[in-house]
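>>> Based on what follows, work out the 3D shape:
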Amino acid sequence: MRFKSPLIAIPVAGVLALSACGGSGSDSGTDAQNSQNANIGNTGDGKDATAQGPVTIAGAQKGGTVTVLTLTGLTTTMDPSEIYYTDTNSIFTGLIGRSLTQYKYDPKSKQMILVPDLATDLGKANDSYTKWTFTIRDGVKWGENGQPVTAQDVAWGMSRCMDSATFPTGACPYYANAYYKGGADYKGVYTLKQKPGTLFKAITVNGNSITIKMDKPFPDMPYWGTFPANGPVPQDPKVSDPKAYKKHPWSTGPYMIKDFNLSKELTLVKNPYWDPKTDPARTQYPDGYDFKLQTQSEKIDQIMLADSGDGQTTLTYDDLLAPDFQQMKQQAPDRLTLGGSPCTYYWAPDYRKIKDKKIREALSWAYPYKNAILAAGLIPGVNAIPATNLMPPGVPGRTPYNVTGRTGFDNDPAKARALLKQANATGYEIKFLFRTDDPISVKTKDAIVRGLTEAGFKATPVPTTTANYVAARDNTSEDINVRSAGWCSDWPSGATWMPPVLGSTNPDTSHSFGSNYAAFSNKAADTQMDAIQKLPLDQQADAWNALDKKIAQKFFPLFTTYYTGIAQAHGSRIMGDNDDNTVGMPTWKDIWVKQ
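Numbers count the residues shown, from 1 in each chain. Next up is the predicted model:
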């Protein structure tokens, strides 16, 4: 899953656990120096197929409006067929929309547990995991008109997202199209100009039951079921038209959209038709939510530190800047939300443009990891963890590797210059995006320019804005040759890393990177990814790790910059704000306001 901020450096990693361990955070590529490094990507695999609503929280009170501040969040579509960033996914599934399954926070284990949502259980599969059936529960209604949500509505939503031309940055190309029988060749309802409401042939409805047939085993279907793409969409073409629906998706959760201005503001009010008896995880304690976007980090931190007036009922899912974190830790540690997230940040040289492996390796030695992190207000070894593998610690089967020998946050300008000389590429120009309206991005850009220049590159930062960054980064013909990206586990499996991040997407013809920002394309690697997904379950985890290492050694299509976690803050009257460590976001379903 794409990280909430597609920028170079924002998040904070594992601060609380690191402090408890007393580790330095240094990393030789073995992850042995700090026990937290083995768990920062561990999202847990707990399941409870019998969970039922309603959910009550001891001592929780009704009322109040929660204000949410963020600098970079909600810059992408809210159409459930295309939601694939952690912020939009978390906010939509936590507050607005429902899908087949969902996660519920367990305060004892501090892990997220997979439970039913629209489905009455976690689905039933045949012995080969090539057919799944879900029974849709009664009593769920649309917030916008009070009409019942049907299995046909859910199946339409599941089919709709498979149009990759209409929803090019969504998750369905990696899962629905990749696994559902005939999905690889399916163009989609809008591309084929079919009648809205038309179901994909592998998805059938019988009464309240939905059955999906697979081309290959898909044991992870209950996890995939948590995504908004597996929830209902109204069949009325005037409502579900993609141009309109991304601005106002209909509600089935406890809250519904009142106003949404992309990149600026999102206002949520109570859904009067939400029935808590039908929901095994969500609550509806606050009167509403007011998301204020593009708020500068320094301003957010000062509001959080002051904790006065409306600040007491405010939270942020951005991470505190380093000095402000230290101050909050000293003054009000109870208002910090700390923990892990299953994410990796990396730089992705455009494989179509930077074709020489030596140049890509030189760039990995030139990148000023520590200075860029400091410029972004982070703390090396504490709120940004040195990274080696693409897959973060905690992914099943993952064992550390280090193909360059670079340790910790070290870089080596001399080694970069030597590699450039070997490639006859001294002075090679690197073009990367930065945001002119974000002081942190500007500072980070300056640190990167200095580091690349010292290492023998010509650094050319390309200006854009917060509102336009994602579109520019995702433009396959943008005049840049390196893209900064972050990726998080869709669920605890290498299958949610290798195919999405390094599977071929042919951007020159498809005009979409998908999530392969390196534009890496290799038929042998694609074949191996497909083969791994057909292996017995107990063999897949090790095979994904081996492929991760093999691609890095042979092709070096990208290099990691750090692993992430969270260090978020909330006001003194905000309760239930914990770490949803499947995405590194707040546990929206548990939040209430102290009156």
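
>>> Just the endpoints, please. Distance across stretch 480-491?
With Cα to Cα, to the nearest Å as the measure, stretch 480-491 spans 31 Å from end to end.

>>> Please disregard the earlier target; I meant stretch 115-126.
Here the two ends of stretch 115-126 are set 20 Å apart, with distance taken as Cα to Cα.

>>> Need the residues that contact it.
Stretch 115-126 has contacts (Cβ atoms under 8 Å, 6 or more residues apart in numbering) with 47-51, 98-104, 114, 131-137, 140, 149, 154, 219, 221-222, 225-226, 231-232, 252, 279-281. C-beta: built from backbone N, CA, C; applies to glycine.

>>> can you check stretch 289-301 too?
Counting by Cβ under 8 Å, 6+ apart, 65-71, 73-75, 91, 95, 255, 263-268, 316, 318, 320-321, 324, 377, 437-440, 466-467, 569 sit against stretch 289-301.

>>> what's the distance between stretch 78-89 and the middle of its chain?
Stretch 78-89 has its C-alpha centroid displaced from the chain centroid by 9 Å (Cα atoms, centre = their mean, to the nearest Å).

>>> end-to-end on that stretch?
Separation of the first and last residues of stretch 78-89 by Cα to Cα is 8 Å.

>>> pull the longest helix from this structure.
Longest helix in the chain, counting residues (DSSP state H): helix 537-554.

>>> helices or strands up against the helix or strand following that helix?
Sequence order places strand 559-569 as the next helix or strand after helix 537-554, per DSSP states H and E. The helices and strands touching strand 559-569, judged by 3 or more Cβ pairs under 8 Å, 6 or more residues apart in numbering; DSSP states H and E, are strand 314-316, strand 336-349, helix 357-366, helix 369-375.

>>> Would you mind putting these into TSV with distance to Ala60 and mean pLDDT alongside?
Below are these laid out as TSV (distance: least, Cβ to Cβ, whole Å; pLDDT from 0 to 100):
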stretch	distance to Ala60	mean pLDDT
strand 314-316	16	98
strand 336-349	17	89
helix 357-366	49	98
helix 369-375	38	92
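
>>> For the stretch 251-400 of the chain, which segments count as helices?
Along the stretch 251-400 of the chain, counting by DSSP state H, counting those that start in this stretch, helices occupy 297-306, 322-331, 357-366, 369-375.

>>> export these to JSON lines and tack on distance to Leu338 and mean neighbour count?
Converted to JSON lines, the helices of the stretch 251-400 of the chain look like this (distance: least, Cβ to Cβ, whole Å; neighbours: other Cβ atoms under 10 Å):
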{"stretch": "helix 297-306", "distance to Leu338": "14", "mean neighbour count": "18"}
{"stretch": "helix 322-331", "distance to Leu338": "9", "mean neighbour count": "16"}
{"stretch": "helix 357-366", "distance to Leu338": "30", "mean neighbour count": "23"}
{"stretch": "helix 369-375", "distance to Leu338": "18", "mean neighbour count": "22"}
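
>>> how near is the residue nearest to Glu454 when sequence neighbours are not counted to His570?
Spatial nearest neighbour of Glu454, excluding adjacent residues (Cβ to Cβ, 6 or more residues apart in numbering): Pro413 at 4.7 Å. Distance of Pro413 to His570, computed by Cβ to Cβ, to the nearest Å: 42 Å.

>>> Look at these two and report which has more neighbours.
Ranked by neighbour count (other Cβ atoms under 10 Å), Pro413 and His570 place His570 first, with 27 against 18.

>>> give me the beta-bridge partners of the more buried one?
Per DSSP bridges, the residues bridged to His570 are Leu315.

>>> these two touch, right, it and Thr314?
Yes - if you go by Cβ atoms under 8 Å, His570 and Thr314 touch, sitting 7.2 Å apart.

>>> Common neighbours of those two, please.
Shared contacts of His570 and Thr314, counting by Cβ under 8 Å, 6+ apart, come down to Met304.

>>> Show only the entries of the contacts of stretch 115-126 found in helices.
Filtering these for helices - DSSP H - leaves 154, 221-222.

>>> of these, closest to Leu502?
Relative to Leu502, the closest of the ones in helices among the contacts of stretch 115-126 is Met221; by Cβ to Cβ it sits at 22.7 Å.

>>> so the closest one makes contact with Trp132?
Yes - with contact defined as Cβ under 8 Å, Met221 counts as touching Trp132 (4.8 Å).

>>> Residues in contact with both of the two, list them for me.
Contacts common to Met221 and Trp132, judged by Cβ under 8 Å, 6+ apart, are 123, 125, 212.

>>> For the residues you listed, which entry has the maximal number of neighbours?
That'd be Ile212 among the shared contacts of Met221 and Trp132, by other Cβ under 10 Å, with 28 neighbours.

>>> That one belongs to a strand, doesn't it?
Yes - membership of Ile212 in a strand is supported by DSSP: H, G, I helix; E, B strand; the rest coil.

>>> Report the mean per-residue pLDDT for stretch 500-511.
For stretch 500-511, mean pLDDT is 93.

>>> mind listing what's buried in that stretch?
500-505, 507 (16 or more other Cβ atoms under 10 Å).

>>> What is the nearest of these to Pro393?
Among the buried residues of stretch 500-511, and counting by Cβ to Cβ, the member closest to Pro393 is Val501, at 16.6 Å.

>>> How much space separates the closest one from Gly97?
Note on Val501: its distance to Gly97, by Cβ to Cβ, is 26 Å.

>>> just Tyr563 next, same as before
29 Å.

>>> again with Tyr174
Using Cβ to Cβ, Tyr174 is found at 20 Å from Gly97.

>>> the more surrounded of those two?
Between Tyr174 and Gly97, Gly97 has the larger neighbour count (other Cβ under 10 Å), namely 26 against 22.

>>> Just the CA atoms from the helix or strand harbouring Ala414 would do, formatted as CSV, please.
Assigned by DSSP H and E, Ala414 belongs to helix 413-422. C-alpha atoms of helix 413-422 as CSV (Å, rounded to 0.1, in the frame of the first residue of the first chain):
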residue,chain,number,x,y,z
PRO,A,413,30.8,10.2,-2.0
ALA,A,414,34.2,8.9,-3.0
LYS,A,415,32.7,5.5,-3.8
ALA,A,416,29.9,7.1,-5.8
ARG,A,417,32.4,9.1,-7.8
ALA,A,418,34.4,6.0,-8.5
LEU,A,419,31.3,4.1,-9.8
LEU,A,420,30.4,7.1,-12.0
LYS,A,421,33.9,7.1,-13.4
GLN,A,422,33.6,3.4,-14.2
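
>>> Need the mean per-residue confidence for the helix or strand just after it.
Once helix 413-422 ends, the next helix or strand along the chain (criterion: DSSP H and E) is strand 429-435. Averaging pLDDT along strand 429-435 yields 97.

>>> residue ranges with poor pLDDT in the stretch 301-450 of the chain?
379-383 (pLDDT under 70).

>>> Between the two ends of stretch 137-152, what distance do you get?
Span of stretch 137-152 from end to end, Cα to Cα: 12 Å.

>>> who wins for most neighbours among the ones in helices among the contacts of stretch 115-126?
Val154 (27 neighbours).

>>> What score does that residue have for pLDDT?
Note on Val154: pLDDT of 98.

>>> How about Arg98?
On the pLDDT scale, Arg98 is placed at 98.

>>> wait, what's in contact with it?
So Arg98 contacts 117-118, 140, 231-232, 252-253, 279 (Cβ under 8 Å, 6+ apart).

>>> Of those residues, just say which sits nearest to Leu336.
Set against Leu336, the nearest of the contacts of Arg98 by Cβ to Cβ is Gly253 (27.2 Å).

>>> List the contacts of Met158.
Per Cβ under 8 Å, 6+ apart, neighbours of Met158: 176, 200, 203, 210, 212, 229-230.
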